[in-house]
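*Asks:* Sequence and predicted model, in that order:
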Amino acid sequence: YGFTPSPDERISSKIRCRSSFVYSFRIPHGCHIELAFRKVGYTHRIQNIAHELGHALGLNHSGKAEALMYPWGGHIKPLDIDDKVAVSALYDTWRTVPTGNTRDVAVGREKGSPVGADGLAWMVGGTYGNNVFKQKTDGSGWVPDPWAPKASRIALNGYRPYIVTYGTGEVQRRNSGDPTINSGWSNFGGCATDVGASPAAIWIIGCDIDTYGNGSIWALGASGWIPDAAGGRAARIAVDSAGAPWVVSSRLSGGKVFRRTSSDVMSGAWQWLDACAVDIGIYEPGYAWVLGCDKDSMGNYGVYARNDNSYIGDGITPELHRWVRMSTGGGVNIAVGPNSKPWVTTFGQSVMTTVR
């Protein structure tokens, strides 16, 4: 049942379903919508129907004003990233991306493609597990980069890959997004065990690993690597589109998840987010995906989505530290593209992503 008042009108609606209804193509069979409108125009009716269908799919109210599931409406809204991630966490299925022997994967978008569009994936893998590849445009396979250094980790700042070089830990970036062109790789030096990248910033985990398995955190500046002024330490890192890093500590230190309150390496602090994880991926700020600490019999960890704008049952009080576990899927590494869809590499070294 949904009820949406506004200052000058009241709209009530509810979706009633048989108790035994099932979902097919994410549409409930045997449901009908009862709407009661008073002084309400076409725009409000369409908005209210779409909002109530969201509730029928299991979505709660959102605290984000741009979201369809925001409890106070007044105009027709397209699906916001907040709505898409919520539905994805509940209903997305997984498909296997054709590949083999994949160690790590990163997702971005082609130069000049629409904002929010996925379609650009790079991976580290191959016969010996350290070669660099770009996914073919039609998704049918991968194109090797014969000029790439051997790598252990990879991230994308949009369309160009950053890698951690195998053995030395140096951070290098390809100077173009085309693996068939010898445009060279820029060496930013340093020593890293993981790299996180977005169009706004590049951050790494340093090689000074402590007894708990965590390294120091650094950001790439105009003249080199700058240590995190907040003194953070972690095992895995990802960077959102605003340039703020999100990290996961080692399992020995609890697999804790933190995000930085500022993208400025010289200011801000680390905020703990109540979760246990082994890896993290993010693009849109606030919409992180993690691999939890619950490992299945195949060696893969469960996939969880975070939504900073969720509400508890009353639809009024914000619910903090909201993590939703997907009912299927798992992996050992995770990456997230511009449309906030997760990609994982599995224990069996395959690549999977969701179908939304």
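*Replies:* Ah, there it is. All values reported here derive from a predicted model rather than from experimental measurement.
*Asks:* lowest-confidence helix or strand of this structure?
*Replies:* strand 23-24 (a mean of 28; mean pLDDT, DSSP states H and E).
*Asks:* any idea which strand is longest in the protein?
*Replies:* Using DSSP state E to define each element, the chain has its longest strand at strand 270-282.
*Asks:* As PDB, could you dump the C-alpha coordinates of it?
*Replies:* The C-alpha atoms that make up strand 270-282 are tabulated as PDB, following Å, rounded to 0.1, in the frame of the first residue of the first chain:
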ATOM      1  CA  TRP A 270      37.700   7.700   6.900                       C
ATOM      2  CA  GLN A 271      34.100   6.700   7.600                       C
ATOM      3  CA  TRP A 272      33.500   3.100   8.600                       C
ATOM      4  CA  LEU A 273      30.700   1.300   6.800                       C
ATOM      5  CA  ASP A 274      29.300  -1.700   8.700                       C
ATOM      6  CA  ALA A 275      30.200  -4.600   6.500                       C
ATOM      7  CA  CYS A 276      32.700  -7.400   6.100                       C
ATOM      8  CA  ALA A 277      34.200  -7.700   2.700                       C
ATOM      9  CA  VAL A 278      37.200  -9.000   0.600                       C
ATOM     10  CA  ASP A 279      36.900  -6.600  -2.300                       C
ATOM     11  CA  ILE A 280      35.000  -3.500  -3.400                       C
ATOM     12  CA  GLY A 281      34.000  -1.700  -6.600                       C
ATOM     13  CA  ILE A 282      32.200   1.600  -7.200                       C
END
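*Asks:* What pairs with it, parallel or antiparallel?
*Replies:* Sheet pairing of strand 270-282 (DSSP bridges) gives strand 256-260 (antiparallel), strand 288-295 (antiparallel).
*Asks:* Run through the residues that contact the nearest residue to A277 once chain neighbours are set aside.
*Replies:* Excluding its sequence neighbours, the residue lying closest to A277 (Cβ to Cβ, 6 or more residues apart in numbering) is V290, at 3.9 Å. Placement of C-beta: from N, CA and C, glycine included. By Cβ atoms under 8 Å, 6 or more residues apart in numbering, the contact list for V290 reads 248, 257, 275, 277-281, 303-304, 306, 323, 334.
*Asks:* can you tell me which of those residues lies nearest to R95?
*Replies:* Distance to R95 across these (Cβ to Cβ) is lowest for V303, with 14.0 Å.
*Asks:* part of a strand, is the closest one?
*Replies:* Yes. Under DSSP: H, G, I helix; E, B strand; the rest coil, V303 sits within a strand.
*Asks:* what's the farthest-apart pair in the contacts of V290?
*Replies:* V278 and R306 (15.1 Å).
*Asks:* ok, now how distant is P161 from D178?
*Replies:* P161 is 11 Å from D178, where distance means Cβ to Cβ, to the nearest Å.
*Asks:* between these two, who's got more neighbours?
*Replies:* Per other Cβ atoms under 10 Å, whichever of P161 and D178 has more neighbours is P161, with 28 against 15.
*Asks:* my read: the more buried one touches W122, true?
*Replies:* Yes. The pair P161 and W122 passes the contact test of Cβ atoms under 8 Å, sitting 4.7 Å apart.
*Asks:* pretty sure R233 is in contact with T211, am I right?
*Replies:* No. Under the criterion of Cβ under 8 Å, R233 makes no contact with T211, lying 11.3 Å away.
*Asks:* excluding its backbone neighbours, what's nearest T99?
*Replies:* T99 sits nearest to V351 (Cβ to Cβ, 6+ apart), 4.9 Å away.
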